[in-house]
Structures are given as C-alpha cells and as structure tokens.
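Peer 1: Turn this into a model:
(chains A and B)
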Amino acid sequence: FSAAEKKSSDLSNDIPTFNVENLQSNMKIIYYNWTFLFIIGGVIARILGFTSLTGFILYFLIMAITSAGLMAKSGFSTHSYFDSWNRAVLDGFFSGLMSFVLFWTFAYDIVHIF
Amino acid sequence: MGLGFVVGVFGVLILGHAAYSTIQYRGLLKITEEEFSGPPMNVVAELLLGLVFCMWAGLTVPGKFLSILPDSEENRYCCLSFFRYFFCLVDLYLEIGDLYLERVLFVWLGGDRK
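Peer 2: Next up is the predicted model:
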C-alpha cells in the first residue's frame, strides 16, 4: 500500500496540471500582440525605406522589444502564465514574419509606387 | 482597455501621417530629381512615437495574463472556500458526535446516578 501510494504521488508530481482555459487565453493575447506589432513594424520598415536585410534586422529588433514587453507584462515569471518561456518569446516568430513581409510589401506599393 | 485602445488609434494615426508626409517628400524629390535615401528627421521621430504608442496599446489592449497554476489564488478561490466550508462542517459534526458519545457513555456507566 505504501509503495502504491508512493508511486501515485510520484506520478502526480511528474505530471504538471495547468488551467487550460487560462493558457489558451494567454496564447490568444500573445498572438494578437505579435500580429499587430509586426503589421506596424512592416509599415514602419517601408516608410523608412528599408530593403532586404535591413528590413529583417528591423523585424528582429521589433521581435526583441515585443518579447521584452511580454516578459515585463508577465512580471518576468512566465512559468505562472505559460507552460514554457518559448511560448512568450518565440511562438509568433513565423506567423509574425508573414504578416511583416505582407505589410512591408503593401506599404512599399502605397508609399513609394502609387 | 479604453485608454489603451485610444492610444493605439492615436499611434496608427501618427503612422498614417508619417506615411503621408513621406509620400509628399518623395513627390518633392521627384521634382528636384533626387533619390530617396530616407525620410526627414521629423518623420523618423513621428514613426518612433507611433511605434511606442502602438507597442503600448498592443501590450495593454488584449487584456491581462491569467495564471495557469492550479494553486494560484485566482484559480483556487471558489474550491478552497467550498472545501474549507465542507471540512469545517465535518469537524463540527465530529465534535458534536464526540460530545454526544461521551454523554451516552457517562450515563450508561452510571455517572448520573446519585
């Protein structure tokens, strides 16, 4: 009985339990945040006249500042709000890149061509 | 959220004005037959200000992060209150039961006989 108790307590210690609804809500907040700021970043990159590599440098700069802002918003305790710190920092990397390039190109058409 | 939304709209308007100013500046460069190397410094300052406002709005408008830990205050408030109430009742009934049993035993063993 004590061995079974110990095994079950070990099992309960190994499996972390999270509030899934809150985790999904936090992920939505991060997604909206990344998308909005990368759209703004794309427009700014084109207004400044950045092309090719300099535009991507601005992308990474905005990503770094946004990550820092999200970490500050969580009080630098990401384990309380996310299951891993990667979610707060890296999760919007590729989806944000597509939004950034789309509005970077769109702003180029508006500002520099038309 | 309301103030954040207003700040975000203001930031977008500032960026729109910066884009319009850049379009006007490019028109001027076409007349003077010069190449576009970058917007003027006042437009750059506008872009930075717009970026700051949009970043602040992006971090505040979507809402606050919610804790995912099961033992955090906001997640366990109702359950803890319920269990605390339940176990208080159990303790109370056990105490009443003990007193009753003590009284019964006392009477049965002839404690009340004079």
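Peer 1: Can you find the helix or strand in chain A with the smallest mean pLDDT?
Peer 2: One helix or strand of chain A scores below all others by mean pLDDT, DSSP states H and E: helix A:2-14, with a mean of 48.
Peer 1: Sort out which residues of whatever helix or strand comes next after it are buried, please.
Peer 2: Helices and strands here follow DSSP states H and E; after helix A:2-14, the next one along the chain is helix A:20-47. Buried residues in helix A:20-47, counted by 16 or more other Cβ atoms under 10 Å in any protein chain shown: A:22-23, A:25-27, A:29-30, A:33-47. Every C-beta, even on glycine, is put in place using the N, C-alpha and C of the backbone.
Peer 1: In the chain, which residue is most central in space?
Peer 2: Just going to use chain A. Centroid-nearest residue in chain A, with Cα atoms, centre = their mean: A:Gly92, separated by 3.9 Å.
Peer 1: State the three-state secondary structure for the closest residue to chain A within chain B.
Peer 2: Per Cβ to the nearest Cβ, B:Leu66 is where chain B lies closest to chain A, at 3.8 Å. Secondary structure state of B:Leu66, per DSSP: H, G, I helix; E, B strand; the rest coil, is coil.
Peer 1: Now it. Nearest residue, chain neighbours left out?
Peer 2: Of all residues not flanking B:Leu66 in the chain, A:Asn22 sits nearest, at 3.8 Å (Cβ to Cβ, 6 or more residues apart in numbering or on different chains).
Peer 1: could you list every residue that touches the closest residue to chain B within chain A?
Peer 2: The nearest approach of chain A to chain B comes at A:Asn22, 3.8 Å away (Cβ to the nearest Cβ). A:Asn22 sits next to A:Tyr81, B:Leu66, B:Ser67, B:Ile68, B:Asn75 when contact means Cβ atoms under 8 Å, 6 or more residues apart in numbering or on different chains.
Peer 1: Minimum pLDDT in the residues you listed, which residue is that?
Peer 2: Among the contacts of A:Asn22, B:Asn75 carries the lowest pLDDT, at 56.
Peer 1: At the contact with chain B, which residues of chain A appear?
Peer 2: A:17-20, A:22-23, A:25-26, A:28-29, A:32-33, A:36-37, A:40-41, A:43-44, A:47-49, A:65-66, A:69-70, A:73-74, A:80-83, A:107, A:110-112 (Cβ under 8 Å from any Cβ of the partner chain).
Peer 1: so what's the residue positioned nearest the centre of chain B scoring on pLDDT?
Peer 2: The centroid of chain B falls nearest to B:Lys64 when counting by Cα atoms, centre = their mean (2.0 Å). B:Lys64 is assigned a predicted lDDT (pLDDT) of 85.
Peer 1: cool, A:Tyr108 as well?
Peer 2: pLDDT, A:Tyr108: 79.
Peer 1: Can you show me the helices along chain B?
Peer 2: Secondary structure of chain B (DSSP state H): helices located at B:2-31, B:41-60, B:73-108.
Peer 1: among those, which is the most enclosed?
Peer 2: Each of the helices of chain B was scored by mean neighbour count; the highest is helix B:41-60, a mean of 18, by mean count of other Cβ atoms under 10 Å in any protein chain shown.
Peer 1: where does chain B dip in pLDDT?
Peer 2: Filtered on pLDDT under 70, chain B yields the residue ranges B:1, B:71-84, B:112-114.
Peer 1: helices or strands next to the one helix or strand A:Tyr108 maps to in the packing?
Peer 2: For A:Tyr108, the element it lies in under DSSP H and E is helix A:93-108. Contact here means 3 or more Cβ pairs under 8 Å, 6 or more residues apart in numbering or on different chains; DSSP states H and E; on that basis helix A:93-108 packs against helix A:20-47, helix A:52-73.
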